[in-house]
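Visitor: Model the structure of this input:
(one chain, ligands or ions: 1)
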Amino acid sequence: MAAALYDPADGYYARPAGQVGRGGDFFTSVSSGPLFGRLLARHIAGWHRQAGSPDRWRIVECGANDGSLAADILAALGASPGLEYAIVEPLPLLAAAQRERLPAARVLASPEALATDPLPSFVFGNEVVDALPFHVIESDGHRWRIHGVTLSPDGRFVWADLGEAAPELVAGIPTRPAGYRSEVRGGVPAFLAPLAAAMKGGRMLWLDYGFERDDYYHPSRTTGTLRTFSRHRAAEDPLESPGEIDITAHVDFTALSAALVQVGGTVLRFEPQGRFLTEVARPWLLELEGRTDEATRKDLRAFQTLTHPGHLGSKFHVIEAAF
Ligand SMILES: C[S@@+](CC[C@H](N)C(=O)[O-])C[C@H]1O[C@@H](n2cnc3c(N)ncnc32)[C@H](O)[C@@H]1O
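Guide: Prediction:
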């Protein structure tokens, strides 16, 4: 999965930005327009004030794709002397697009360099955790085994039993009947640790689709949540055309919460995106009362898309931790 998505030459994300949006393979909240970034900016500004308005501070966005969300957040924040907007983007072509669109942003392939100058920070990512590599696991009725990928004698990728999963990888996952298949993402603490190391206090916030553990490994969810996306069509076979399609699985928010605590965080909230954004938007919604102009109507349509349970409001969740 890591190679299929992130190989610098042949990975799915190694192509020029264009995966997200109408002309791409899938929509994200960013595709609904600038309101998402404006609401996140309100939330970030609220934290900055609450933290005593430190002179030097940093926003760290992971996986910024074409830089749209960063541009929306920066525009909404306005002049902010002392703010460094850093983007962590492992893919060189995406990083180049971000540098071009946001000359003031600091774009890094990995967060380690930020730790030499830790600052009060707001670290976040939209639909990044679901894009981190995971293992497919299959129960034999007693233990979990890795359902992995190998090469067939004629050079095709094929599924194979790669042996028992390491106990620490599957710790806390309930026993399930033979043949039950799911996913586990073991690399989350290692992903979070260097980000946490660059923070001199602050917040970390992740928006994504997923479930808490009981729901994630629910007895009825016998084939997991692995999906591929291409031209807005979902499918389930990641071996079909690796490098050309997106591969994702839902986020186990119980595991993400434990990983946040493991790297020094205190979880402040875990809630549906709709509830989170409605709370953030309350003062803005009051300001809008009585306005009927087209720009307002457009914003309200975007707000519906982001918050209505039938759209993105309940499918997506938000987890936030204090550091
Ligand atoms: C589904 S896209 C989401 C893009 C964008 N945030 C949005 O909401 O439209 C996932 C992004 O995560 C990025 N990504 C994957 N692994 C990452 C890592 N270790 N650090 C930072 N970004 C990463 C990918 O390059 C890709 O841009």
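Visitor: how about whatever residue of the stretch 51-200 of the chain ends up closest to the ligand, what does it touch?
Guide: With CB to the nearest ligand atom, the shortest gap between the stretch 51-200 of the chain and the ligand falls at residue 63, namely 2.5 Å. From N, CA and C alone the C-beta is placed, and that goes for glycine too. Going by CB atoms under 8 Å, 6 or more residues apart in numbering, residue 63 touches 88-89, 125-128, 131.
Visitor: any idea how the protein splits into domains?
Guide: 2-133+187-220+249-322, 135-181 (automatic domain parsing).
Visitor: burial of residue 130, as a residue count?
Guide: 21 (other CB atoms under 10 Å).
Visitor: sec struct for it, please.
Guide: Following DSSP: H, G, I helix; E, B strand; the rest coil, we place residue 130 in the helix state.
Visitor: Tell me if I'm right that it and residue 249 touch.
Guide: Yes. Using CB atoms under 8 Å, residue 130 is in contact with residue 249, at 6.6 Å.
Visitor: Close to the ligand: what parts of this structure are there?
Guide: Neighbours of the ligand within the chain, by CB under 6 Å from any ligand atom: 13, 20, 28, 30, 62-63, 65, 88-91, 94, 126-128, 131-132, 191.
Visitor: Out of these, list just those in helices.
Guide: Of the positions in these, 94, 191 sit in helices, assigned by DSSP state H.
Visitor: Which residue ranges of the stretch 1-150 of the chain form strands?
Guide: 57-62, 83-88, 106-108, 119-126, 135-139, 144-151 (DSSP state E, counting those that start in this stretch).
Visitor: which residues are in contact with the fifth one?
Guide: Just to be clear, that refers to strand 135-139. 144-148, 161, 165, 169-170, 173, 175-186, 224, 226.
Visitor: So which of those belong to helices?
Guide: Counting by DSSP H, the members of those that fall within helices are 169-170.
Visitor: how about residue 270, phi and psi?
Guide: When read as degrees, to the nearest 10, the backbone of residue 270 gives phi -140, psi 110.
Visitor: what do you get for residue 234?
Guide: phi -90, psi 140.
Visitor: Who does the residue lying closest to it once chain neighbours are set aside form a beta bridge with?
Guide: Leaving aside its chain neighbours, residue 234 sits nearest to residue 227 (5.0 Å; criterion: CB to CB, 6 or more residues apart in numbering). Beta bridges link residue 227 to residue 248, judged by DSSP bridges.
Visitor: what's the neighbour count on residue 227?
Guide: 18.
Visitor: Find me the pLDDT at it, would you?
Guide: On the pLDDT scale, residue 227 is placed at 96.
Visitor: where does stretch 54-66 sit relative to the chain's centre, distance-wise?
Guide: 14 Å (CA atoms, centre = their mean, to the nearest Å).
Visitor: Export it to CSV, keeping only CA atoms.
Guide: Output in CSV follows, covering the C-alpha atoms of stretch 54-66 (Å, rounded to 0.1, in the frame of the first residue of the first chain):
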residue,chain,number,x,y,z
PRO,A,54,1.8,33.7,21.5
ASP,A,55,3.9,36.0,19.3
ARG,A,56,5.5,33.2,17.3
TRP,A,57,3.3,30.2,16.5
ARG,A,58,2.8,27.6,13.9
ILE,A,59,0.0,25.8,12.0
VAL,A,60,1.1,22.5,10.6
GLU,A,61,-1.1,21.0,7.9
CYS,A,62,-0.4,17.4,6.9
GLY,A,63,-1.2,16.2,3.4
ALA,A,64,-2.3,19.6,1.9
ASN,A,65,-2.9,18.2,-1.6
ASP,A,66,-3.2,21.2,-4.0
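Visitor: Could you pull out the buried residues of that stretch?
Guide: 54, 57-66 (16 or more other CB atoms under 10 Å).
Visitor: same check, this time on stretch 44-56
Guide: Going by neighbour count (16+ other CB under 10 Å), the buried part of stretch 44-56 is 44-45, 47-48, 51, 54.
Visitor: outside of it, which residues touch it?
Guide: Contact with stretch 44-56 is made by 57, 59, 73, 77, 82, 84, 119-120, 122, 201-203, 280, as judged by CB under 8 Å, 6+ apart.
Visitor: From these, list the buried ones, please.
Guide: Of the contacts of stretch 44-56, these count as buried by 16+ other CB under 10 Å: 57, 59, 73, 77, 84, 119-120, 122, 202-203, 280.
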